[in-house]
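Asker: Got a sequence here, can you model it:
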Amino acid sequence: MVDFMTNDQKLDFARQEFFELIESIDGSITCEQSKQILKQLFTTTSDTEMDRLLRDEDKNLDNKILFNGLINAIQYLLNKQTVEDESDESLPDDQEMSNRWEEYGKKILALTKSGTTIDHQMAKQIAEECKVPLEH
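Answerer: Sure thing, here's the model as predicted:
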């Protein structure tokens, strides 16, 4: 369920969880409680990275996190997740590239069989259509 939340929904979820856990007068929760919230929101983030983020936000070194500290950690992970998601989408996998090259080869072969002479410009245009890199 958490994987399908928007960033705003994740922040709202964290806010609700935080305020349900507050027991101390200073308005903080323990690092472990903060980590449990992060684990619910970011299932693929390592414990080591969560611990590092929470250590950075434990300004008084008292093993407690204020609400703003938790939000800072969440914002960092959301931004990191966005960058990773964008980079994943930009590169096709090996199978996809293989399919593209096969399509490129079929188009070149079909044109050649029909008697069309293929110059560099035409090969380049077909490569762009098939989304394959053509070396210069």
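Asker: Am I right that residue 65 sits in a helix?
Answerer: No. Secondary structure of residue 65 (DSSP: H, G, I helix; E, B strand; the rest coil): strand, not part of a helix.
Asker: how close does it sit to residue 36?
Answerer: Here the criterion is CB to CB, to the nearest Å. By it, residue 65 lies 11 Å from residue 36. The way it works is simple: take the backbone N, C-alpha and C, and place the C-beta from them, glycine included.
Asker: Which one's more surrounded, these two?
Answerer: Using other CB atoms under 10 Å as the criterion, residue 65 and residue 36 rank with residue 65 on top: 28 against 14.
Asker: what bridges to the more buried one?
Answerer: With DSSP bridges as the criterion, the beta-bridge partners of residue 65 are residue 29.
Asker: Tell me the helix or strand right after the least confident helix or strand in the chain by mean pLDDT.
Answerer: Confidence across the helices and strands of the chain bottoms out at helix 67-90, with a mean of 81, counting by mean pLDDT, DSSP states H and E. On the C-terminal side of helix 67-90, the closest following helix or strand by DSSP states H and E is helix 94-113.
Asker: which other helices and strands contact that next one?
Answerer: Judged by 3 or more CB pairs under 8 Å, 6 or more residues apart in numbering; DSSP states H and E, helix 94-113 is in contact with helix 120-130.
Asker: Kindly calculate the angle that the helix it packs on makes with helix 94-113.
Answerer: Taking axes from the mean of the first three to the mean of the last three CA atoms, to 10 degrees, one finds helix 120-130 and helix 94-113 inclined to each other by 140 degrees.
Asker: Residues contacting helix 120-130, please?
Answerer: 100, 101, 103, 104, 107, 108, 111, 116, 133, 134 (CB atoms under 8 Å, 6 or more residues apart in numbering).
Asker: Pass me the low-pLDDT residue ranges in this structure, would you?
Answerer: Low-confidence regions of the chain, defined by pLDDT under 70, span residues 1-2, 24, 85-92, 135-136.
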